[in-house]
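[1] Model the following, please.
(one chain, ligands or ions: 2)
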Amino acid sequence: MKPLEEARAEVLSAVPLLGRERVSIRESLGRVLAGDVISPEDVPPFANSAMDGFAVRGADVTAAGSVLEVIGDLPAGSRSDLVVGPGEAIRIMTGAPMPAGADTVVRVEETLSEGSKVTINTAVDVGTAVRPAGGDVTRGQTVFTAGTRLTPMHVGVLSTVGVAEPDVFARPRVAFMSTGDELTPVGEALGPGAIRDSNRPMLRALLEETGVETVDLGIVRDDPEALRAALDRGAESDVVISTGGVSMGDYDVTKLVLEGDTHVDFWQVAIQPAKPFAFGRIGSALFFGLPGNPVSVLVSFEQFARPALLKMQGARAVLRPRIVARAGENLDTDPGKTVFVRVRVDGLADGEPTVVKAGGQASNVLSATAAADGFAVVPRGTGTVAAGEEVSVEMYKWPESREWLDDR
Ligand code: AMP
Ligand code: MG
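    Ligands and ions are numbered 1, 2, ... in the order given. From the prediction side, this is the model:
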């Protein structure tokens, strides 16, 4: 059996990088930067006021009680040619450019206006409430480096520095299918002996979350010709993912069809669930043959396909974040494998995360995966993690806030 890390390294080393393209900032969420982003502008572009108040010379307000002559008004979006001289002030709004001569803003709350005069009620330090040009980002500064995956906050910063069309890596097209004679799509009546095809809808959602384009090849029957045709159609995409048919059964057609193919390897990975796994190429497409059981699909997608798809898009961070938590109960696992226990994480907000099993741990019990926040990863050679001991948890989502709306 292949250790997990070795299997993943082998997968990642086979992953090609796609081309690059420019996209509009509107379409950039989730995309990966293909080059460093150098700011073409200062942010803010000019020194401006952080407060509604009066722009003054700092030397005039070092003591409380000075009375200044108000010579003008400066709303945001306007500018003034007036120069603030000694004993003078300009009424200024938040975001308006600092007028010449002024270096300090006194908040309106600290003043008293009467006609064209303003009294400054407190002493104010020179430079107070002025946002300098380039105080956030300076022109020429590297704001992001290549390989960064864009979040809504990155989209905000790109717009603030004036980058309308970031240079990003292309997105792979991923064709996916379920295999199995027993499968019925959701929305159709279940016949005798049939079960729902849960892999394909889940896979599509996982793929969309990974930022790739998807091509649904449907449910493929356990028939070598039908499967061959579906795989060949899939090979027109960058990646093909199938589920089912990779273990030892008589009807494991994926294995029957691809076993002799020198470009596809059938692995036994030392993990639970998701021990059987096929990987290689079909034509020029990367191929992932995931097992059939839905939890195994999730685990092998998370451990192999997701990191590969992120790497293919140029991302530097391809693994989920992990936290250390205490087991809230005994976690009994097979010491011969790295075991992924579906767990709920409690106590994160208190700084004392603990994990408990989110439900049944058999590889067909999908419900526990939705109740879970991630996988407690019990390394090979461990066996039991006793209650109170620490365990590493790979978070595939963060728990919802416990502060629920109560008016529904
Ligand atoms: P297989 O490796 O094809 O024998 O599949 C292993 C188990 O997973 C069998 O019990 C299948 O019925 C089940 N299974 C396979 N594909 C799916 C699917 N798309 N959705 C739900 N269960 C599946
Ligand atoms: Mg099958």
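[2] What spatial separation is found between whichever residue of the chain sits closest to ligand 1 and residue 195?
    Here the chain gets closest to ligand 1 at one residue, residue 292, 2.2 Å apart by Cβ to the nearest ligand atom. Backbone N, C-alpha and C define where each C-beta goes, glycine included. Computed as Cβ to Cβ, to the nearest Å, the residue 292 to residue 195 distance reads 10 Å.
[3] For these two, work out which one has more neighbours and name it.
    Ranked by neighbour count (other Cβ atoms under 10 Å), residue 292 and residue 195 place residue 292 first, with 24 against 12.
[4] Helix, strand, or coil at that one?
    coil (DSSP: H, G, I helix; E, B strand; the rest coil).
[5] wouldn't residue 334 be in contact with residue 271 here?
    No. Counting by Cβ atoms under 8 Å, residue 334 sits too far from residue 271 to count as a contact (9.9 Å).
[6] out of those two, which sits in the more crowded spot?
    Neighbour count, other Cβ under 10 Å: between residue 334 and residue 271, residue 271 has more, with 24 against 14.
[7] my guess is the more buried one meets residue 337, correct?
    Yes. Contact status for residue 271 versus residue 337: in contact at 5.5 Å, counting by Cβ under 8 Å.
[8] Up against ligand 1, what does the protein have?
    178, 180, 182-183, 195, 197-200, 243-245, 247, 249, 252, 291-294 (Cβ under 6 Å from any ligand atom).
[9] Show me those that map onto helices.
    Among those, the residues falling in helices (DSSP state H) are 199, 200, 294.
[10] Of those, which is the most crowded?
    residue 199 (29 neighbours).
[11] That one: what's its closest spatial neighbour, skipping adjacent residues?
    residue 243 (4.3 Å; Cβ to Cβ, 6 or more residues apart in numbering).
[12] give the contact list for the closest residue to residue 37 other than its chain neighbours.
    Distances taken as Cβ to Cβ, 6+ apart put residue 144 closest to residue 37, at 4.4 Å, once the chain neighbours are dropped. Residue 144 sits next to 33, 36, 37, 154, 157 when contact means Cβ atoms under 8 Å, 6 or more residues apart in numbering.
[13] which of these has the most neighbours?
    Of the contacts of residue 144, with other Cβ under 10 Å as the count, residue 33 tops at 24 neighbours.
[14] That one pairs with what?
    Taking DSSP bridges as the rule, residue 33 bridges to residue 168.
[15] Make sure it is actually in contact with residue 142.
    No. Taking Cβ under 8 Å as the definition, residue 33 is not a contact partner of residue 142, at 11.1 Å.
[16] just checking, residue 324 touches residue 392?
    Yes. Taking contacts as Cβ under 8 Å, residue 324 lies within contact range of residue 392: 6.0 Å.
[17] Would you mind telling me which of those two has the busier surroundings?
    Comparing residue 324 with residue 392 by other Cβ under 10 Å, the one with more neighbours is residue 392, at 15 against 9.
[18] so what's the more buried one up against?
    Contacts for residue 392 (Cβ under 8 Å, 6+ apart) come out as 322, 323, 324, 376, 377.
[19] again, only using 6 Å
    322, 324, 377 (Cβ atoms under 6 Å, 6 or more residues apart in numbering).
[20] Please apply the same query to residue 359.
    367, 368, 371.
[21] again, 7 Å this time
    342, 365, 367, 368, 371 (Cβ atoms under 7 Å, 6 or more residues apart in numbering).
[22] Which of those sits closest to ligand 2?
    residue 365 (17.7 Å; Cβ to the ion).
[23] okay, and for the stretch 1-150 of the chain, where does confidence drop off?
    Along the stretch 1-150 of the chain, segments meeting pLDDT under 70 are nowhere present.
[24] Helices of that one, start to end?
    In the stretch 1-150 of the chain, the segments counted as helices under DSSP state H, counting those that start in this stretch are 4-13.
[25] Hmm, residue 60 and residue 126 touching each other?
    No. Residue 126 lies out of contact with residue 60 (Cβ atoms under 7 Å); the separation is 10.0 Å.
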